[in-house]
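J.: Everything below, folded, please.
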Amino acid sequence: MIKKIITGNLRALTGIHIGIGDTTETTDLPIFRNTLNEIIIPGTTIAGTLRAIATRIAPHLNFNNCISLEPPPSKPEQEKRKTCDCCVCGLFGSISITEEAEKGEASKVWIHDAVLVNDAKTSIRDGVGIDRETKTSARKKRAKYDFEIIQKDSKFSFRADLQNNVTDENIIKDYEIILASVLSEWSLGRGNLGGDVVRGLGNIRLEDIKVYNLDLSSTDQLMAFLRKDDQISTGIEDEDWLSNNIEEAKKRVAKNVKEKGLIANNDYLYNSFAQIEFTLQFNGGFVINDILSSVRSDFDFCPRIENGNFVLPGSSLRGVLRFQAEKIARSLTTLDSKDLNEFFERCPACNPHADENDPLTSCSIIFREKRGSPEEEVKDEQLCLACRLFGSSYRGSRLYVRDGYQSSSDKIEIKIMDFLAIDRFTGGGKEGAKFDALVLWQPTFKISMLLENPKEWQLGWLLLALRDLNEGLCSVGFGQNKWFGKTKVKDEKIKIGTTSNDFTPMGLKIDNSFEGIFKTKTWKLEELIKETENPVESWIKKFHEELQKFRRLDKMGPPKDTYFGRDIENLYPNQREAEI
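T.: Below is the predicted model of the structure:
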């Protein structure tokens, strides 16, 4: 038996939150530690993430779809359903769904816990839900919380053992190709681990990958292993394992697209991606308050700093982009609607903080009330356009907005500012309303966003929101009425990656320049605009077309016409019922 031992290091490109699902006296959401209080990433977390990517990539490698990609079956069908026999389930293991089903199989790949290998630090971040109508904190929902993160540039050990306990060598080769394709994505910095990955956290890169062959059926290697009791030093390094398997994966992708073909609009698969990178240059002051930093510095407002770098949380930028995107879509729909009822039917963005009586109530409330069963799948077409792009409680987002960091080599200027609220009755200072702040002055942050399986209208919508951000129509952080948070968007680049030109937005031509199994090409935004067909203009046009044809599947009208906007009988029960 020849076992593959794959080692490397997982580097955190942003903060990481691997939670324990519980609270402590220190924070609402602490990170995972073992019994020795050491920070680790459980092997189950890594294996689950690898499996999720492998499941979405495997069909491109000419393997059968996993049953996890199929819609949930009804109860009678579920009783007849057997264990999945796809290649991914063969690699990562499968379980019996019912007593009558065939027995499951153990995983062929063993993922070890990732242990911290450098002197990394943790910190506490604060989160708060934002009311998208007022752009203030959603106090009524009590959406304030905090959570612990492992800071950027933390490094963890990585090890995976691929067991060669299958007699068919072709199956083992299939396993290696799938595993290499997924690890290649991680090595290119497109990996994610833990919670809040779409809101800035969890971006990782797999570095220093090495592969060793350990053949315990060989007498020499067996004796060497028994003497040292060290599998890695006993094994023989295979320097070309990753590159050889990726080359084979590319051939299978090309063959699959040509002969078998895939459905371009199948969002369950990992068909393509659009990576948008740019620099945010603030025109003046910038503050996103970090409570711990403010306590330590004795200032009321203080920016977040991690490992010597100031941080623009991805959650903050994502919230601004979603607010502005929804504002754009609602404004355009208002102009095109004949009356209020038509607007309610066509409005492309829900209100996440409204109740069930509100005509623009959230998609989450609609599905909680109207789904037939908890197992019923929520489809894209059932969501408003904003929830399709930015996600909802019942269907996650494919848009990842990474944390932005200011390089310590950049010029950093900090100003101390005092603020005082004015009593509008006396014209003097309002008692207790004096506060101060450490303000970053004209900082720059490098920003990266990744959109999986991008659609043309989604790209057009995002670019419109970025345009408004560039023109000062929306702000990032504290003090927008003081002209803080105004930015310029510079050096925009768009990288498109695809397994086939059929999945490329606007049919952009991509050369045979590969990153892993994806053909990729990078454009500057100004280059795309100057092209003859101008794909950016086409993406924006597609967004307008999507707005025109969008209709809510669950038509909602205005609430009952009462003074309080609700049912008076439920608001004021009669005295007899109250006494009972």
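
J.: Please identify the helix or strand for residue 274.
T.: Secondary structure assignment for residue 274, by DSSP states H and E: strand 272-282.

J.: ditto for residue 438
T.: Using DSSP H and E, residue 438 falls in strand 429-441.

J.: if we can go back for a sec, report the buried residues of the strand holding residue 274.
T.: Across strand 272-282, burial judged by 16 or more other Cβ atoms under 10 Å covers 272-280, 282. Every C-beta, even on glycine, is put in place using the N, C-alpha and C of the backbone.

J.: can you check stretch 470-477 too?
T.: So, applying 16+ other Cβ under 10 Å, buried residues of stretch 470-477: 470, 474-477.

J.: ok, of those residues, which one's closest to residue 218?
T.: residue 476 (60.1 Å; Cβ to Cβ).

J.: So the closest one is in contact with residue 285, correct?
T.: No: using Cβ atoms under 8 Å, residue 476 is not in contact with residue 285, being 11.1 Å away.

J.: returning to what we had before: the helix or strand that comes right after the strand holding residue 438 to strand 272-282, inter-axis angle?
T.: Sequence order places strand 444-452 as the next helix or strand after strand 429-441, per DSSP H and E. Calculated by axes from the mean of the first three to the mean of the last three Cα atoms, to 10 degrees, strand 444-452 forms an angle of 160 degrees with strand 272-282.

J.: what helices or strands is strand 444-452 leaning on?
T.: Helices and strands touching strand 444-452, as assessed by 3 or more Cβ pairs under 8 Å, 6 or more residues apart in numbering; DSSP states H and E, comprise strand 272-282, strand 309-312, strand 399-401, strand 404-405, helix 456-470.

J.: can you redo the ones you listed as TSV with distance to residue 92 and mean pLDDT?
T.: Shown next, in TSV, are the helices and strands packed on strand 444-452 (distance: least, Cβ to Cβ, whole Å; pLDDT from 0 to 100):
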stretch	distance to residue 92	mean pLDDT
strand 272-282	23	93
strand 309-312	35	88
strand 399-401	23	94
strand 404-405	34	92
helix 456-470	31	93
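
J.: Between the ones you listed, which one is closest to residue 414.
T.: Comparing the helices and strands packed on strand 444-452 by their distance to residue 414 (Cβ to Cβ), the top pick is strand 309-312, with 9.3 Å.

J.: Distance from the chain centre to that closest one, please.
T.: Centroid displacement of strand 309-312 relative to its chain, using Cα atoms, centre = their mean, to the nearest Å, is 19 Å.

J.: after that strand, next one along is what?
T.: Using DSSP H and E, the next helix or strand after strand 309-312 towards the C-terminus is helix 314-336.

J.: if I look at residue 476 and residue 285, which residues touch both of them?
T.: residue 485 (Cβ atoms under 8 Å, 6 or more residues apart in numbering).

J.: And the strands in the stretch 101-250 of the chain?
T.: All strands of the stretch 101-250 of the chain, identified by DSSP state E, counting those that start in this stretch, fall at 109-111, 114-115, 122-127, 130-131, 136-137, 145-150, 155-162, 191-192, 203-215, 236-237.

J.: didn't residue 30 look like it was pressed against residue 20?
T.: Yes: Residue 30 lies in contact with residue 20 (Cβ under 8 Å); the separation is 6.0 Å.
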